[in-house]
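[1] Quick one: sequence and predicted model below, then my questions.
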Amino acid sequence: KQEVTQIPAALSVPEGENLVLNCSFTDSAIYNLQWFRQDPGKGLTSLLLIQSSQREQTSGRLNASLDKSSGRSTLYIAASQPGDSATYLCAVRPNFGNEKLTFGTGTRLTIIP
Amino acid sequence: GAVVSQHPSRVICKSGTSVKIECRSLDFQATTMFWYRQFPKKSLMLMATSNEGSKATYEQGVEKDKFLINHASLTLSTLTVTSAHPEDSSFYICSARGGTLEAFFGQGTRLTVV
């Protein structure tokens, strides 16, 4: 059974710093991995999706990497801003024919102005 | 990205009544929709997967008769919590997938049963 873990559970950093969020998964046989952002009491906003054949994806100040063989992904946020404060979730999809996502436990990020 | 609209965003109901939550894909056809439940400070737990025109597939431990799911069209799925009890109070989120690889999520519904 796939298990997805995110460490740390919570992180506080001063504004302007670069930071890295971690996601690990136990079964490396994945189809893709997706990073989401969730604001309090809200739904999920998709940030980046990495296919299993890809090593990284970039969108603005966000960069996500994937090392499938070691079961790890990282989300790098450059020049953090208070508006980046939210909970970040990673999720893996097992294979093309299976659309179920397994979510990580999330990292609650607080950017201190 | 594609837009998924979930309604209502908040609902309070009395114990024993039923509540319907709607999930709509606004600008794409969603062949598959997913319903999740999220407990406070916890991750999302998949409840069921629904394909348009078919019966939903429920995850182990989820009561089919308690959580009725209907996916009657390519743009609408509904979750009905029947005979709601306080322990059903939670945050419910739907997601929809069309022909792309990404899953798009609704805004969530905060259900409080009093």
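    Sure, I can see it. Residues are numbered from 1 along each chain as shown, chains lettered A, B, ... in the order given.

[2] from here on, contacts and neighbour counts on C-alpha atoms
    OK.

[3] Now A:Ser59: closest residue in space that isn't a chain neighbour?
    A:Leu48 (7.3 Å; CA to CA, 6 or more residues apart in numbering or on different chains).

[4] hang on, the one you found in a strand?
    Yes. Assessed by DSSP: H, G, I helix; E, B strand; the rest coil, A:Leu48 belongs to a strand.

[5] tell me the phi and psi of the residue of chain A found nearest chain B?
    Using CA to the nearest CA, the single residue of chain A nearest to chain B is A:Gly43, 3.9 Å away. Main-chain dihedrals, A:Gly43, degrees, to the nearest 10: phi -80, psi -160.

[6] do the one 10 residues further on as well
    The main-chain torsion angles of A:Ser53 are listed as degrees, to the nearest 10 and equal phi -90, psi -10.

[7] Is there a neighbour count for it? I'd like the number.
    12 (other CA atoms under 10 Å in any protein chain shown).

[8] Over to B:Leu68?
    Here the number of neighbours of B:Leu68 (other CA under 10 Å) works out to 17.

[9] go on, B:Gly61?
    The burial count for B:Gly61: 7, using other CA under 10 Å.

[10] Chain A contacts on chain B?
    B:42-46, B:93, B:102-108, B:110 (CA under 8 Å from any CA of the partner chain).

[11] Just give me the closest of those residues to chain A.
    B:Gln107 (3.9 Å).

[12] Wait, a helix at that closest one?
    No. Counting by three-state DSSP, B:Gln107 falls outside a helix, being coil.

[13] Dihedrals phi and psi, it?
    Torsion angles, degrees, to the nearest 10, at B:Gln107: phi -80, psi -10.

[14] Find the nearest non-adjacent residue to it, please.
    For B:Gln107, the spatially nearest residue (CA to CA, 6+ apart) is A:Gly43, at 3.9 Å.

[15] Now do the contacts for the nearest residue to A:Asp39 once chain neighbours are set aside.
    Sequence neighbours aside, A:Ala86 is the residue nearest to A:Asp39 in space, at 5.0 Å (criterion: CA to CA, 6+ apart). Applying CA atoms under 8 Å, 6 or more residues apart in numbering or on different chains to A:Ala86 gives the contacts A:37-40, A:108-110.

[16] Tell me the bridge partners for A:Ala86.
    A:Leu109 (DSSP bridges).

[17] And A:Thr102, by the same measure?
    A:Val92.

[18] Correct me if wrong: it contacts A:Leu89.
    No. Using CA atoms under 8 Å, A:Thr102 makes no contact with A:Leu89, being 10.3 Å away.

[19] Neighbour count: these two, which is higher?
    Here A:Thr102 and A:Leu89 are compared on neighbour count by other CA under 10 Å; more neighbours surround A:Leu89, at 28 against 21.

[20] Return the residues of chain A in contact with chain B.
    Residues of chain A lying near chain B (CA under 8 Å from any CA): A:34, A:41-46, A:49, A:100, A:103-106.

[21] Just the buried ones out of these, please.
    Among the residues of chain A next to chain B, the ones that count as buried by 16 or more other CA atoms under 10 Å in any protein chain shown are A:34, A:42-46, A:49, A:100, A:103-106.
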